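Novice: My questions are about this predicted structure, shown below with the sequence.
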Amino acid sequence: MDIIVCVKKIPDPEIPPAKFKLDMESKRVIPPEGIPPVINPYDEQAVELALRLKDKYGGKITVLTIDNDADTSIVKHALAMGADEGIVLADKAFEGSDSFSTSHILSQAIQKVGNFDLVLCGRQAADWDEGLVGAIIAENLSLPLVTLAEAVDVVDGKLKVKRVTLDGYQIFAVPTPAVATVSNEVGQPRLPSGWGIISASRKQIPIWKAGDLDADPSQIGAKAVRRRLVKLFIPVREKKCEIIEGETTAEASVKLAERLRKAGVI
Ligand SMILES: Cc1cc2nc3c(=O)[nH]c(=O)nc-3n(C[C@H](O)[C@H](O)[C@H](O)COP(=O)(O)OP(=O)(O)OC[C@H]3O[C@@H](n4cnc5c(N)ncnc54)[C@H](O)[C@@H]3O)c2cc1C
């Protein structure tokens, strides 16, 4: 089974709050010094699901990332886990992309890779958390989509996808090729092996630019965005402490109840 996995580089979610800084002007997160970005954890789980399918049915796993720094580290992480090929998509023309333009770029790259049975995305990117890209790729490529996949198998030539719901699961039978977004219920992704790290570090990663894709220039980058981010800010949470005094516990309790009623809490 040939699988394409879309993986995104994000700021490390474990950044200490004191190191998390925003540039309010450009509405971007300022990369914290000394803390390298990581693969989106949900995408690491998508790679894990792809590897389980490869372990069972064979085939090839190709990972794609759009990263305008042309940073290959995330792709190499997936290769070290066991993926076969990786491609980085980087071009100035991609700057200012939103979910639609991001999905358009990835859809064109997926078509260029070609010959796939399944496209996997994470359920969401853990930085912007929009959870849209997988669904838009399916729409762009006119492919069936199952969201929140916990497990995938092959039964009677179709994909059998277990989809997580709030209090249980659903099973879908889906023809290939298809798109699935992967839920964190997949469980712990495997660690890259020592040999995997060495061979990934030696691998040449192709960088595809806009001109390498059959992308519609009006659908990529800032000019294609369909909505505008107006404000990005870190909310200030104020904590106040008020001591309710009283001669006795009963008196303090009555005062507390009055204070809570005045504040509209009860
Ligand atoms: C080149 C570029 C420039 C951008 N510029 C701006 C900007 O100027 N201002 C701004 O506010 N935002 C910018 N963004 C962020 C962009 O708007 C969001 O990343 C996009 O809307 C998708 O939302 P999300 O990250 O929440 O992804 P989700 O929809 O939550 O992602 C779901 C899944 O889609 C896949 N996916 C998502 N992004 C990528 C990726 N980059 N590569 C591979 N797979 C991916 C992953 O599998 C992921 O788990 C830019 C993004 C890119 C790629």
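Specialist: That came through fine.
Novice: Only C-alpha atoms from now on, for both contacts and neighbour counts.
Specialist: Will do.
Novice: and the strand ranked longest in the chain, does that touch the ligand?
Specialist: Looking across the chain with DSSP state E, the single longest strand is strand 145-155. No: applying Cα under 6 Å from any ligand atom, one finds strand 145-155 separated from the ligand by no less than 10.6 Å.
Novice: So for the very next helix or strand once past that strand, what gets flagged as buried?
Specialist: Next helix or strand after strand 145-155 toward the C-terminus (DSSP states H and E): strand 158-165. When burial is assessed from 16 or more other Cα atoms under 10 Å, strand 158-165 yields the following buried residues: 159-164.
Novice: Within its sheet, name the partner strands of the very next helix or strand once past strand 158-165 and how each one runs.
Specialist: Counting by DSSP H and E, the element after strand 158-165 in chain order, helix or strand, is strand 168-174. Strand pairing for strand 168-174, determined by DSSP bridges: strand 158-165 (antiparallel).
Novice: For the partner strand, list the C-alpha coordinates in CSV.
Specialist: Coordinates of each C-alpha in strand 158-165 appear next as CSV, following Å, rounded to 0.1, in the frame of the first residue of the first chain:
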residue,chain,number,x,y,z
LYS,A,158,-11.3,-1.7,0.6
LEU,A,159,-9.9,0.3,3.5
LYS,A,160,-11.6,-0.5,6.8
VAL,A,161,-11.2,2.6,8.9
LYS,A,162,-12.0,2.8,12.6
ARG,A,163,-13.2,6.3,13.4
VAL,A,164,-13.2,7.6,17.0
THR,A,165,-16.4,9.2,18.3
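Novice: Taking strand 145-155 as reference, get the angle to it.
Specialist: Comparing the axes of strand 158-165 and strand 145-155 via axes from the mean of the first three to the mean of the last three Cα atoms, to 10 degrees yields an angle of 130 degrees.
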